[in-house]
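>>> Kindly return the folded structure for what I paste below:
(4 chains)
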Number of protein chains: 2
Amino acid sequence: MRTRDDGPAALVRLVASGHAESRADLARLSGLAPSSVSLRVEQLIDAGLFAEEGAGASRGGRRPRRLRLGREAGVFLAADLGAHHARLAIVDLAGTPLALSELACEIAVGPEGTLDSVIGHLRLLARDQGLAGLPVRGIGVGLPGPVDPATGQVVSPSRMPGWNDFPARDYLTERAGLPALVENDANLMAVGEHRHSWPGLDNLMVLKLGSGIGCGVIAEGRLHRGRGAAGDISHVRILSEATVDCSCGHPDCLEAHASGAALAAALAEQGITVDHPADIVDLVTNGVPQATSAVRNAGRLIGDVLTALVNFFNPDALVIGGSMSNAEPLISTIRGVIYERCLPLATRNLEISTSRTGRDASILGAGHLLLDSPLSNEWIEAAVKQ
Amino acid sequence: MRTRDDGPAALVRLVASGHAESRADLARLSGLAPSSVSLRVEQLIDAGLFAEEGAGASRGGRRPRRLRLGREAGVFLAADLGAHHARLAIVDLAGTPLALSELACEIAVGPEGTLDSVIGHLRLLARDQGLAGLPVRGIGVGLPGPVDPATGQVVSPSRMPGWNDFPARDYLTERAGLPALVENDANLMAVGEHRHSWPGLDNLMVLKLGSGIGCGVIAEGRLHRGRGAAGDISHVRILSEATVDCSCGHPDCLEAHASGAALAAALAEQGITVDHPADIVDLVTNGVPQATSAVRNAGRLIGDVLTALVNFFNPDALVIGGSMSNAEPLISTIRGVIYERCLPLATRNLEISTSRTGRDASILGAGHLLLDSPLSNEWIEAAVKQ
DNA sequence: CTAACTTTCTTCGATATCGAAGGTAGTGAG
DNA sequence: CTCACTACCTTCGATATCGAAGAAAGTTAG
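Here you go, the predicted model:
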């Protein structure tokens, strides 16, 4: 219960997501009466959250008066943090990036320093791009580790020294003075892919193959978090000839054999040096046999693990992103293993595809989650009230 | 959007589920104003769907006027079909079984014969138990095979010859003249366990270990169906010394090594005959070493498969039911493997338990799904309107 | 026992929503 | 061009919901 999604925020979401462009669309999709929609839209226009902009295309009758977000709707700050690097953006409520920037920052510096720097650079970015006049409605940050959805704390991150149990959400709320949201990066990526490129599909697995292996899960159209660790596939035990110990303490985890970092280590033993996972993709593209062979092997291991998960979760699509996803043989091997070994029932409608949304998926996901959050109901209602 | 769960049905669900006992409870849980609740409750009492029954316990102030379901609320028909056997029940909207019965029926007879027989026996059961005066509000049937949630058809069932692509839901609706619901039996069991015994936990994996291996999944409080095949864990490939071919065409599926049927076959080779999975439990309880050893081995295989799924899905609880779940060594082996090999983050709050709801879990699940279904909104609103 | 407080439920005027009807602005066929 | 039709949006009276205030029926403390 208590899921009454009436109120002005519902209309804002429909317009921001692009699902509705006119009062008539809003009436159809919200379930409210046309007359009520008109009244509320007028209030939203008065508040500056909506604006009218010419007319849309006719569908055989009077042309709709097109609605879009107004200036007062404002923007969100969004950041996607990696181990050595952050991607920053100002996005509008529709998720469109208005400004993008990159920032070199070591996450191992610790939470306070990193987050302060991110907030500072986001504020600078807004100023530099002439966006200072727009109200800022929230901040969303993606982190390369598990986040407890109940508390907004980082829990047991394997590659974020100094962050364990750090209350990242509360810290951001206070330091930025904004509604704040913290989420695992693969989860943000999953939300971004889902909303931006796979709107009709309600069950998605989104794999992030970079130096690590992450996975975000969309179940029944919503992000599945579990207790904060959902989507972990990197520490499944696999079969292999040589034994490799994983940082988690167990031997032969998937990550220890098939992640970008593991491939880099394996290639280094053969005298081929790579600094970054994307370099492996270059080697494969250039036809270096050791690289291709290593990538194929990784694809087989990942595919093996995924067969069980695809049978179990029965998604509509499996989307593969991250810096390794451009390695053709990796994707085709994974696809082959899954189609060969999964149940026909699980694969007959399954789409396996590389990311359609691209590098900004996590940024977009942060925007969508912020807008969907109950936090947004508050400022939207406050803006309308006066 | 369109998820506006106002309307009288919301109040009926709150009372039926036991979450609300008074007008004040309803106001708190539904989000409606106390005055609106009073008005609606009066209508529901007039319609006979609610009845007032004395006073509840005081919480430091005026005692609440206790509400319960009235006679006009009526009953659901529910059936849980196995391969050779069906469990039938009349349940009230709260899920309480008012009458129970068993029926020997071969599902291999085919859909029409089986379903006609089930409907007939349910009607007889109602008559025999003096429930003929109560309105029947729907019928729910659990089947031992995959059901497409979109169409209500059985799809690719491995043990239900003659049922492939049979439109079971439409057939039931027409033959019974009632709102009908068809669902996989493990899914019904999961819903029953969740609502009856694990109300606070929103992410559940419910294993059904009988002659086959089934699994129902509750994600974010709702049944996760995927495209109809979700929860399948029986056809994951496992490692084993001897190779056994599975009915699905692949070698070494979990089901071919660890299901009740597989254990029975393995014991038969050692000269021990068992007719039913429950017999294996008896052998284990009586300390027959071959049986205990076989069951331990099955537990290890099942646990291995589950580690990946528990890491991925990160449930609050793993519940094990079905006729094999009373074999102590099976459960303890599964528990041991999971706690040993899963991520600490996935197991720190994980409860692993045998079924708390018992044999009627599927029956209860059918009742809950029927009440939650939009089909129920219709008759509830119709009953109030006059 | 009395007085202060809590919780439950109802009353009643203010307000928000609905829905039917009608005005507005387009399309398309003859 | 005219006429029929469709879709979009608004007007307006009927209705449903809300929220504040109060009545009813308890509990608890002194």
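>>> Please enumerate the helices of chain A.
Applying DSSP state H to chain A gives helices spanning A:7-16, A:23-30, A:34-46, A:111-128, A:168-176, A:185-197, A:254-258, A:260-269, A:277-285, A:289-313, A:328-341, A:344-347, A:361-372, A:374-385.
>>> same for the last one, what does it pack against?
Going back to what we said before, that points to helix A:374-385. Packing partners of helix A:374-385 (3 or more Cβ pairs under 8 Å, 6 or more residues apart in numbering or on different chains; DSSP states H and E): helix A:7-16, strand A:136-143. No exception for glycine: its C-beta is placed from N, CA and C like everyone else's.
>>> Go through the ones you listed and pick out the most buried.
strand A:136-143 (a mean of 26; mean count of other Cβ atoms under 10 Å in any protein chain shown).
>>> Any chance of the helices and strands packed on helix A:374-385 in JSON lines with distance to residue B:69 and mean pLDDT as columns?
Output for the helices and strands packed on helix A:374-385, formatted as JSON lines (distance: least, Cβ to Cβ, whole Å; pLDDT from 0 to 100):
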{"stretch": "helix A:7-16", "distance to residue B:69": "32", "mean pLDDT": "96"}
{"stretch": "strand A:136-143", "distance to residue B:69": "44", "mean pLDDT": "98"}
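>>> Pipe the helices of chain A into a markdown table and attach distance to residue B:83 per row.
Output for these, formatted as a markdown table (distance: least, Cβ to Cβ, whole Å):
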| stretch | distance to residue B:83 |
| --- | --- |
| helix A:7-16 | 47 |
| helix A:23-30 | 45 |
| helix A:34-46 | 53 |
| helix A:111-128 | 56 |
| helix A:168-176 | 51 |
| helix A:185-197 | 39 |
| helix A:254-258 | 37 |
| helix A:260-269 | 46 |
| helix A:277-285 | 50 |
| helix A:289-313 | 22 |
| helix A:328-341 | 26 |
| helix A:344-347 | 19 |
| helix A:361-372 | 44 |
| helix A:374-385 | 47 |
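>>> For residue B:378, find the nearest of these.
For residue B:378, the closest of those is helix A:23-30, at 21.0 Å, according to Cβ to Cβ.
>>> residue of the stretch 101-250 of chain A with the smallest distance to DNA strand D?
residue A:199 (19.7 Å; Cβ to the nearest atom of the strand).
>>> And for chain A?
For chain A, Cβ to the nearest atom of the strand, closest residue to DNA strand D: residue A:61, 2.0 Å.
>>> Run a quick neighbour tally on that residue.
Neighbours of residue A:61 under the rule other Cβ atoms under 10 Å in any protein chain shown: 7.
>>> And for residue A:149?
Every residue meeting other Cβ under 10 Å relative to residue A:149 is counted, giving 18.
>>> mind pulling up the phi and psi values for it?
In terms of degrees, to the nearest 10, the main-chain angles of residue A:149 are phi -70, psi -30.
>>> which residues touch residue A:266?
residue A:294 (Cβ atoms under 8 Å, 6 or more residues apart in numbering or on different chains).
>>> I'd like to know how far it sits from DNA strand C.
From residue A:266 across to DNA strand C, the span is 61 Å (Cβ to the nearest atom of the strand, to the nearest Å).
>>> just residue A:279 next, same as before
Residue A:279 sits 55 Å away from DNA strand C, going by Cβ to the nearest atom of the strand.
>>> Quick check: the residue of chain A closest to DNA strand D vs residue A:164, distance?
60 Å (Cβ to Cβ, to the nearest Å).
>>> if we can go back for a sec, give me the number of residues near the residue of the stretch 101-250 of chain A closest to DNA strand D?
12.
>>> give me phi/psi at it?
The phi/psi pair for residue A:199 (degrees, to the nearest 10) is phi -60, psi -30.
>>> Could you measure from residue A:263 over to residue A:144?
Between residue A:263 and residue A:144 the distance is 18 Å, computed by Cβ to Cβ.
>>> Near chain B, which residues of the stretch 51-200 of chain A are found?
Residues of the stretch 51-200 of chain A lying near chain B by Cβ under 8 Å from any Cβ of the partner chain: A:146, A:155-156.
>>> can you rerun that using 6 Å?
A:146, A:156 (Cβ under 6 Å from any Cβ of the partner chain).
>>> Which single residue of the stretch 51-200 of chain A ends up nearest chain B?
Going by Cβ to the nearest Cβ, chain B is nearest to residue A:156 of the stretch 51-200 of chain A, at 5.1 Å.
>>> so who does that residue touch?
The contact partners of residue A:156, taken as Cβ atoms under 6 Å, 6 or more residues apart in numbering or on different chains, are residue B:345.
>>> swap the cut-off to 8 Å and go again
Residue A:156 sits in contact with A:145-146, A:164, B:344-345, where contact means Cβ under 8 Å, 6+ apart.
>>> who does residue A:217 bridge with?
Listed by DSSP bridges, the beta-bridge partners for residue A:217 are residue A:205.
>>> What separation do you get for it and residue B:254?
22 Å.
>>> wait, what's in contact with whatever residue of the stretch 101-250 of chain A ends up closest to chain B?
Relative to chain B, the nearest point of the stretch 101-250 of chain A is residue A:226 (2.8 Å; Cβ to the nearest Cβ). Remark: with contacts taken as Cβ under 8 Å, 6+ apart, residue A:226 is in contact with B:203, B:313-316, B:346.
>>> for these, which one is nearest DNA strand C?
residue B:316 (28.8 Å).
>>> From residue B:238, how far off is the nearest residue in space to the closest one that is not next to it in sequence?
Spatial nearest neighbour of residue B:316, excluding adjacent residues (Cβ to Cβ, 6 or more residues apart in numbering or on different chains): residue B:201 at 3.9 Å. As judged by Cβ to Cβ, residue B:201 and residue B:238 stand 28 Å apart.
>>> Same question for residue A:180.
Noted for residue A:180: a distance of 44 Å to residue B:238, by Cβ to Cβ.
>>> quick one, which of the two is more surrounded?
More crowded of residue A:180 and residue B:238, by other Cβ under 10 Å: residue A:180, with 25 against 18.
>>> Residues in a beta bridge with that one, which ones?
Beta-bridge partners, per DSSP bridges, of residue A:180: residue A:139.
>>> Tell me which residues touch it, please.
The neighbours of residue A:180, taking Cβ under 8 Å, 6+ apart as the test, are A:138-141, A:152, A:169-170, A:172-173.
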